[in-house]
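Undergrad: the following comprises the amino acid sequence and a computationally predicted model.
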Amino acid sequence: MVNTATVDLAPLDEILKEFNGEKGAVIPILQRVQDAYGYLPKEVLSAISKRTGIPLSRLYGVATFYAQFHLTRRGCHLIKICDGTACHVRGATKLVKSLEEALQLSPGGSDPDYKYSLEIVYCLGSCGLAPIVVVDDQVYGQTNPESLIERLEKLE
Amino acid sequence: MLKTIADLEALRQATQKRMEENRAAEPIILIGMGTCGIAAGASEVAQAARQDVEKRGLRAQIVGVGCIGMCVKEPLMDIWLPGRPRITYANVKPEMVPQLIEEHLVNGRVVKKLALAQMLFPGVHPEEGLPTYPELPFYKKQLRIAMRNCGMIDPENILDYIAVDGYQALAKALGGMQPDQVIEEMKTSGLRGRGGAGFPTGLKWEFCRRAQGEPKYVICNADEGDPGAFMDRSILEGDPHSVIEGMAIAAYAIGARQGYIYCRAEYPLAIKRLRKAIHQAYEYGLLGENILGSDFSFDLYLKEGAGAFVCGEETALIASIEGRRGEPRPRPPFPVVSGLWNKPSNVNNVKSYGLTPQIILRGADWFRTIGTPNSPGTAVFALTGKIKNTGLIEVPMGITLREIIYDIGGGIAKKKKFKAVQTGGPLGGCLPESALDTPVDFDSLTQAGATMGSGGMIVVDQDTCMVEFALYFLTFASAESCGKCVPCRIGGQRLLETLTRIVEGQGQMEDLETIEYISTQMQQASLCALGQLTPGPVMAALRFFRDEFEMHVKERFCPAGVCKGMFQYEIDEVSCPGCGLCLKVCPSDAISGEKKKPHVIHQEKCIQCGACYEVCNLGAIHISPRMASVVAMEAVAE
C-alpha cells in the first residue's frame, strides 16, 4: 500500500473548496488536480472520493475514459524516437540505448528525476532525415546519441 | 452596463465614431493571431512590429485579429494608413517587419513585391497594380457570413463586435419579436444544422420550446474532433461573440435561461478567448439578469472537454457535461425532450449559432437567396491535403467540388494528379474525379456517396493509396469508439484487422465481402453516429476505388507506392540524367551509378522509404510491381 502521508493534499483542499459541491464538476476537478500534481495520483483520487462522496470507481471510470488524464507520473519533456524502417537502419536503436545508459530512461517510461518521458513511434514520414527524434513537438532530423543527449540536457 | 436597447444603439454609434476617428488619426497594424497564425510565427511578427514602432517613436495601433482563412500565406500582417486601402502582406517574417514599417508606414509607399492584396473602403482610392480581396482567386467565389468578422475585428474586444452591428440581432429579438416569431423566422430561413446531420435548426428549437420540463438548456457543440478540420476553432478564436449572441437568441426563443459551451481541451486559445468574451458580455449586461431591460435572463458557462472524440455526439457530450464518462445513449428520447440533467436541451454546432444573428438581423428571406432551395446559406470548409491553397473557406451552398478544389484551392500541388476528395472527416467518405461536378449541399453529397459533415475537406493525389487512406480513418475512428455497444467496438476492430491484412499483402478476395458485411451491420446496429459512420470511408473507397483494393489482394501491388513491400521503385533509364540527387538521399545505400549516367536501384537493399521518389524532379523514378525473383528470395529468407 502507498503511504498517504507522502502526498501533500493541501492543493486538493483548495480545489475542492472552489467547486464546493457543484453539480457535474468531476471533470473540471480532475483537470485542476492534474494541473496541480502533474498526473492523478491514486492517493489524491481516494481523497477526492472521501471528501466529495463520489465513489472511487466513478472517478476511476472518468479518469480512464478521457485521453487527457494520466494515472502515472510523467516527465516534464516528452521525447519520441522514430523506429520506422529508415530510422531503424540509420541507428534509432542506438539512440534508445544511449538514453537508457545516460539518463536511465526506457521506452514507455520516465527517468528517475521525472525530467523526461520516452515513447517509440513508427514512421513520421521524414525518412530522408532519418533518424528522427521529436522533443516536445519540435522535430529533429539526422540525430546521433551525442547531439540528442546534449540537446536534452539543455532543456530546463 | 447596458440597461436598454437604446443604450446599445448609443454605444454602437459612439464606438463606430471613435473607431473612425482613430482610423483617420493613426495607422493600424493588424496581425492574424489565430492558432494557425501563431504556429506560423505571428507572435514573433507582432513582437517585432511592437519593438520597431516603439524604437521609431511612431504612433500606430497594433491589433491582433482572428484568421482570415489563408493558412498557406500565414503569418499575415496588414498595414492600414489613414485614408488609404488596407494592405495585406503575406508570409511575413520578423526580419521583414522593419523594412515594411519603414517603407509603408513611415514613407507611405506600399511594398508591392511583398504585398498580397488590398481591402477597399468607401471613399478610398485603390492602390494601383495590387488585386483587391474579391479579385484574388481564393476569395472570388467565397461568401463570408459565419466568418464575416474573422480577421476583421479584435476578438478580445467586445466593442469591436458591437461596432459591426454585434448584439443588434439580440436587441431586435428582445425588443420586437415573440419567441414564436424568432422560431418561425429560423424555420423560414431553412437553416440546417451545420454540425453535419443537417437537421432543420428552427424545427429543433420548436421541439425544445414545446417540450415539457423546466429548466431548459441551450448547448453549443464546440467539440470539433475531426483530424483536418478547424472551422469552429477559427470562428471561436476570431469572432466568439457571434456564437454567444446566437446562443442568447436561441435561449430566448426556446425559453431557456442557462447555456453551456462544450469546447475541446485541445483548443486552448479558443477557450481563452471564449472565456474573455463571456466575461465582457456579462460586464456589458448582454449576459446575466434582465438583458437590455427585458424579462429575459441568460447565464452562459464554458465546459472544457478532456480528450474524447465521441463527445462530439450530442448524448455523449451531455454525459460529459454532467461529469460522467462520455458514452452515448440510444435516442429517442432526443435531447430536445430529455437532455442535460434529463431536461429539454437544444444542442447546435458553433456555425449554426454563429449564423443565427445574421438571419435574425437581415431576415429569413435574405438568407434564402443564398445557396440552394433545400440547403440555404453558406458552408464553411477547412480545405487541406495535396492542394495549392490550403485554408479556411466559406462558400454558398450549391457550388461544385470542382470550383472549390480548382478555382479556390488552385488545384493539386506539385503538378500531381487529383485522385479523391474526402468530406466529412473520419466519418465521411471520399469521392473520385467523376463526382467533381457534384454541387456541395447536404442532399447532393449524401446522394453521391459522401457526406457534408461538419466541414473537413481533404484532397488527395496519385501518391495516396486509397486502401491505406481508409485504414487511416478507420484506425482513428475505431480507437475513439467508447466501447459501449458491440457493433462499433467489435465491428471496428474486425474491420481494422481485415484492412490491415490487405495493406500488408495478406488479403484475400473474401476480405472485400467481409468488409461490406461488417460495414452494413455496423451502420444498422450501432448505438450512435460514431459507430454508424465509422465504416463510411472504407465503404466509399471500396465503391469508387475497388480496382485498387483488388490489385492489393490479387497482385499484391500498391499502385500508389504506399503499402510497404507491395511495390518497388525503378529508375527509368531514358529519363534519368544521372544527377545523383537520389543517390545522396538514399538512407540504405541502395542506389548506385556514375555521374551523368542512368542510376540503378538495388532492390535487395531498398527499404522503400520513398526518399528518392520525393527528391527526383524529373519523374525518372517509377512505381512498379515487385519482381517475382525478389519476392521469392524473401520468402526463402523467412
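TA: Received, thanks. Numbers count the residues shown, from 1 in each chain, chains lettered A, B, ... in the order given.
Undergrad: just checking, B:G377 touches B:G198?
TA: No: contact criterion CB atoms under 8 Å: B:G377 and B:G198 do not qualify, at 11.3 Å. Bear in mind the C-beta positions are built from the backbone N, C-alpha and C, glycine included.
Undergrad: compare the two (neighbour count), which wins?
TA: B:G377 (27 against 20; other CB atoms under 10 Å in any protein chain shown).
Undergrad: is the closest residue to that one other than its chain neighbours bridged to anything, and to what?
TA: Excluding its sequence neighbours, the residue lying closest to B:G377 (CB to CB, 6 or more residues apart in numbering or on different chains) is B:G371, at 4.9 Å. Here B:G371 sits in beta bridges with B:P376, as judged by DSSP bridges.
Undergrad: my read: B:G371 touches B:V395, true?
TA: No: with contact defined as CB under 8 Å, B:G371 does not count as touching B:V395 (9.3 Å).
Undergrad: what touches both of the two?
TA: B:T378 (CB atoms under 8 Å, 6 or more residues apart in numbering or on different chains).
Undergrad: tell me which of the two has more neighbours.
TA: The neighbour comparison of B:G371 against B:V395 (other CB under 10 Å) goes to B:G371, with 24 against 21.
Undergrad: ok, the residue of the stretch 501-638 of chain B found nearest chain A - contacts?
TA: With CB to the nearest CB as the measure, B:C609 is the residue of the stretch 501-638 of chain B nearest to chain A, at 3.6 Å. B:C609 is in contact with A:85-86, A:127-128, A:130, B:587-588, counting by CB under 8 Å, 6+ apart.
Undergrad: ok, B:P94 next?
TA: By CB under 8 Å, 6+ apart, the residues touching B:P94 are B:41, B:44-45, B:47-48.
Undergrad: buried subset of these, written for PyMOL?
TA: Buried subset of those, written as a PyMOL selection, criterion 16 or more other CB atoms under 10 Å in any protein chain shown:
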select buried, chain B and resi 41+44+45+48
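Undergrad: in helices, which of the contacts of B:P94 fall?
TA: B:44-45, B:47-48 (DSSP state H).
Undergrad: between which two of these is the distance greatest?
TA: The widest separation within these, taken as CB to CB, falls between B:V45 and B:Q47 and amounts to 7.2 Å.
Undergrad: ok, back up a step: okay, and the residue of the stretch 501-638 of chain B closest to chain A sits in which element?
TA: Following DSSP states H and E, one finds B:C609 outside all helices and strands.
Undergrad: and it, how far is that from B:P625?
TA: 19 Å (CB to CB, to the nearest Å).
Undergrad: where is the longest helix in chain B?
TA: Max-length helix for chain B by DSSP H is helix B:5-25.
Undergrad: give me the mean pLDDT for that helix.
TA: In this model, helix B:5-25 has a mean pLDDT of 95.
Undergrad: who does it touch, helix- and strand-wise?
TA: Here helix B:5-25 touches helix B:158-163, helix B:168-176, going by 3 or more CB pairs under 8 Å, 6 or more residues apart in numbering or on different chains; DSSP states H and E.
Undergrad: buried deepest among the ones you listed, which one?
TA: helix B:158-163 (a mean of 22; mean count of other CB atoms under 10 Å in any protein chain shown).
Undergrad: can you pull the pLDDT of the closest residue to B:V92 other than its chain neighbours?
TA: Leaving out its chain neighbours, the residue that sits closest to B:V92 by CB to CB, 6+ apart is B:M77, at 4.5 Å. On the pLDDT scale, B:M77 is placed at 97.
Undergrad: tell me the secondary structure for B:Y569?
TA: strand (DSSP: H, G, I helix; E, B strand; the rest coil).
Undergrad: so what's it up against?
TA: B:561, B:601, B:606, B:608, B:610, B:612-613, B:621-623.
Undergrad: just the buried members of those residues?
TA: B:561, B:601, B:606, B:608, B:610, B:612-613, B:621, B:623.
Undergrad: restricted to helices, list those residues.
TA: B:612-613.
Undergrad: JSON lines please, covering the buried ones among the contacts of B:Y569 and showing pLDDT and distance to A:Q138.
TA: Compiled in JSON lines, the buried ones among the contacts of B:Y569 are given as follows (pLDDT from 0 to 100; distance: CB to CB, whole Å):
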{"residue": "B:G561", "pLDDT": "91", "distance to A:Q138": "29"}
{"residue": "B:I601", "pLDDT": "95", "distance to A:Q138": "33"}
{"residue": "B:C606", "pLDDT": "90", "distance to A:Q138": "30"}
{"residue": "B:Q608", "pLDDT": "86", "distance to A:Q138": "28"}
{"residue": "B:G610", "pLDDT": "85", "distance to A:Q138": "24"}
{"residue": "B:C612", "pLDDT": "91", "distance to A:Q138": "27"}
{"residue": "B:Y613", "pLDDT": "90", "distance to A:Q138": "27"}
{"residue": "B:I621", "pLDDT": "94", "distance to A:Q138": "31"}
{"residue": "B:I623", "pLDDT": "93", "distance to A:Q138": "33"}
